[in-house]
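> Quick one: sequence and predicted model below, then my questions.
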Amino acid sequence: MPIDRSLRVLRDVSPRSQPGFEDWIMRFDPLREQIPAAPVPPQQQRLPRIARPRRLIGLSAAAAVLLAAGVVGLLLSGAAPQSAYAAASKAVAATAAAGSGTMTMTVTHDGTTDVLDTTGWYGHDIAVSSGPRHLLGPYRRLLLVGGGVYVQQADGTWLRYPNWSHIGPKLGPAALLAERNVAGNSAGEILALATGLQEAKQPDGTTLYTGTIPDSSAGPRGGRAGDAILRMITSLRSGNEPGAPGGSHAGLKLQLTAGSDGRVQQVSLTFQQQDSGSPAGDGAYTWCVTYSQLGTAPPIAVPATSAPA
Amino acid sequence: MTEADMERHRCFEALFREHVAGIASYCRWQLRSAGDVDDAVAEVFLVAWRRLAEVPAGKAARPWLYGTARRVIANQARSQARWSRLQGRLSVQPGVAQCEEDDPVAGRVRDALGALDPRDREVLLLAEWEGLAPAEIAKVMHCPAVTARGRLFRARRRFRAVFESQDAEPGPAWLSPVPGGCER
């Protein structure tokens, strides 16, 4: 079939036909080495077992954008030494691979530490216990057990949802975030943004990884990357109350401690709020997740009684 | 690194080498800023790396990657609240748009493409610029193959009509490639 003139002209002006296209493609070559350094969700197979509502995709996509920005940031900013990054990523993966465990998330500001939530997992089951200020409400529990979802109400009773697709926009993000945190995605994504990652063996046998997540880690596009970081931190905090970290930050200081068993003990991000407007506060926040009971956490039991939601 | 890890790396590297030019090209004509193109290409292959087990083998990987790129770009655009503006202007084809001042042919192509429905235009460019078959385009755009064929037929006809109407007697120079100056 002959190609008419108009289509031939159209093909002639394609990006591939432009002079220098092959050279331009070479700019992406470093990605071939950089991307495989990004952590792979070690429990990715867990996610498809439940039907996730479409509205949850936004958070996942935001995380993907964040990680992509991190990869680009690494390319543009000199990046963390590969060995330290690979070792820290391995620790994150090893932690997520533990059959059970507990993560306690806290925020420390002005000498006060607030527990945001505690997330325990046992196999594929997850239990989230909220702190005083949380998406779930104060001191509630969310259980993802056997494909079902159980939510504790203010009066202590439990509602039972058959699966994720029924839990609605308020609980959905909390449930997804819990899965992502347990799978090591959040820690891995934060790690992927770190630049200048340093590894230091400690006298007690632990390994301390330190790095920085600059607000402008991606140069002119840093504003967007910075926003993504803040969104993630806000999500990880889960509370999002007044007084939560906001405004501009002079870079985030990352610390990741891995135990002698090669698993993460603690991940923390410290950032200085530049425009807190609070002369009483020092403007410094430390978000921290501490792992415990790795491999020894007890099974998660469903409530003795629950009502269909 | 285990043997499985090494195999995973090998698979990704082969996938990257084979498709990076196509994905970069697609992102380039879909996005205006070079920075956005960099981000999108990185994210597409990051998704591929993390979901390598889901990437179809062989030729089927190509529409999978283009479909991923399409979603990445849509998410990127939505997050920047400018999808509608992107859809509404032909500057989504920067290679063409930037050549316009230097080459009237590119300007005519731009005008003809601008006369198309955005989805028809995307189908046309996926076919003519990226070399995708209608069945592959259907997978990229998540529509039935018959719909993709219909859109492609309509887009070609419309493009041809607008393009030809701009000059009844195009000279041979129109067939030559767009001159330099478009490199970004």
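Perfect, thanks for sending it. Since this is a predicted model, take the numbers as computed values, not measurements.

> switch to C-alpha atoms for all contacts and neighbour counts from now on
Will do.

> Sketch out the low-pLDDT regions of chain B for me.
B:1, B:78-103, B:167-184 (pLDDT under 70).

> So which residues of it form helices?
B:3-30, B:34-50, B:61-79, B:83-88, B:94-97, B:104-114, B:118-128, B:134-141, B:145-166 (DSSP state H).

> Touching, residue A:146 and residue A:126? I think so.
No: with contact defined as Cα atoms under 8 Å, residue A:146 does not reach residue A:126; the gap is 9.4 Å.

> more neighbours, the two?
residue A:126 (24 against 16; other Cα atoms under 10 Å in any protein chain shown).

> The more buried one - nearest residue in space that isn't next to it in sequence?
residue A:144 (5.0 Å; Cα to Cα, 6 or more residues apart in numbering or on different chains).

> Over to residue A:294?
residue A:101 (4.1 Å).

> mind listing what that neighbour touches?
A:120-122, A:291-297 (Cα atoms under 8 Å, 6 or more residues apart in numbering or on different chains).

> who wins for neighbours among those residues?
Going by other Cα under 10 Å, residue A:121 tops the contacts of residue A:101 with 30 neighbours.

> hmm, back to that, among the helices of chain B, which comes closest to residue A:253?
Ranking the helices of chain B by proximity to residue A:253 (Cα to Cα) places helix B:34-50 first, at 23.9 Å.

> Helix B:61-79 and that closest one, what's the angle between them?
Per axes from the mean of the first three to the mean of the last three Cα atoms, to 10 degrees, the angle that helix B:34-50 makes with helix B:61-79 is 130 degrees.

> Convert the C-alpha atoms of helix B:34-50 to PDB, please.
Extracted in PDB, the C-alpha atoms of helix B:34-50 (Å, rounded to 0.1, in the frame of the first residue of the first chain):
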ATOM      1  CA  ALA B  34      12.900  18.200  28.900                       C
ATOM      2  CA  GLY B  35      12.900  17.800  32.600                       C
ATOM      3  CA  ASP B  36       9.400  16.200  32.500                       C
ATOM      4  CA  VAL B  37      10.700  13.800  29.700                       C
ATOM      5  CA  ASP B  38      13.600  12.800  31.900                       C
ATOM      6  CA  ASP B  39      11.300  12.100  34.800                       C
ATOM      7  CA  ALA B  40       8.800  10.200  32.800                       C
ATOM      8  CA  VAL B  41      11.300   8.000  31.100                       C
ATOM      9  CA  ALA B  42      12.900   7.200  34.500                       C
ATOM     10  CA  GLU B  43       9.600   6.400  36.000                       C
ATOM     11  CA  VAL B  44       8.500   4.200  33.200                       C
ATOM     12  CA  PHE B  45      11.600   2.000  33.500                       C
ATOM     13  CA  LEU B  46      11.400   2.200  37.300                       C
ATOM     14  CA  VAL B  47       7.900   0.700  37.100                       C
ATOM     15  CA  ALA B  48       9.200  -1.900  34.700                       C
ATOM     16  CA  TRP B  49      12.000  -2.800  37.000                       C
ATOM     17  CA  ARG B  50       9.700  -3.100  40.000                       C
END
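
> What separation do you get for the residue nearest the centre of chain B and chain A?
The centre of chain B sits closest to residue B:26, judged by Cα atoms, centre = their mean, with a distance of 2.9 Å. Residue B:26 sits 8 Å away from chain A, going by Cα to the nearest Cα, to the nearest Å.

> who's in contact with the residue nearest to that residue when sequence neighbours are not counted?
In space, and not counting its chain neighbours, residue B:26 is closest to residue B:130: 7.3 Å by Cα to Cα, 6+ apart. Shown in contact with residue B:130 (Cα under 8 Å, 6+ apart): B:22, B:25-26.
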